[in-house]
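# I'd like to go over a predicted model; first the sequence, then the structure.
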Amino acid sequence: MQVSIYKPNAKLTGSAMSLKLSYDRDCVYLNMIQQSTWNDETKKGGFKENAENPAKSLSSKINMEELGGILAALNSFGEWSAFHQYKDDKTQFSMKKWDRSSMNKPDAISFGVTKNGSLKIGTYFEQKEIEVLKVFCQEAIKEILWKNSEKKEEK
């Protein structure tokens, strides 16, 4: 199970994000990539050139409790944050409501990840994406709970 959100723009400040359930690791993998190209003729952005560049992309694991926090923030237009440290890598996550009333647009939720203080990748979720992400988080939590239950029964 996977969901992807692409947000390219003409300023080359867009990003791509994917969440993929790992059936082996009882978690969800988050991948984010900064936009690398923009085609003004087709109005499409590209990410391929930055996919393998550690200065322009990142990967991280999201555990079940963090999925619950994300889901709560999505449901309430609230806030969520987390911090991961693995060896020398430090990763911060943040979600919060983005008030877009001054732009005459419905509110959205901003999502940002900072790795080692220098790599910053962000995106935002509009209502239609929020609904998809809610379902993804709910189903991922169910799958992880189911798998953990099966593991306990095997012992």
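Happy to help now that I have it.

# can we go C-alpha only for contacts and neighbour counts from here?
Noted.

# what lies in contact with stretch 19-38?
Contact with stretch 19-38 is made by 1-4, 8-10, 12-18, 44-51, 56-64, 121, 140, 144, 147-148, as judged by Cα atoms under 8 Å, 6 or more residues apart in numbering.

# mind redoing it with 7 Å?
Stretch 19-38 is contacted by residues 1-4, 8, 10, 12-18, 44-47, 49-51, 56-64, 121, 140, 144 when judged by Cα atoms under 7 Å, 6 or more residues apart in numbering.

# where exactly do the strands run in this protein?
Residue ranges of the strands in the chain, as given by DSSP state E, are 2-7, 15-22, 27-34, 37-39, 44-46, 57-62, 80-86, 89-98, 108-115, 119-125.

# got the angle between the third one and strand 57-62?
Right, the one you point to is strand 27-34. In terms of direction (axes from the mean of the first three to the mean of the last three Cα atoms, to 10 degrees), strand 27-34 departs from strand 57-62 by 160 degrees.

# would you list the strands of the chain in TSV and tack on distance to residue 74?
What follows is the strands of the chain, written out as TSV (distance: least, Cα to Cα, whole Å):
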stretch	distance to residue 74
strand 2-7	15
strand 15-22	15
strand 27-34	16
strand 37-39	30
strand 44-46	27
strand 57-62	15
strand 80-86	9
strand 89-98	9
strand 108-115	8
strand 119-125	9
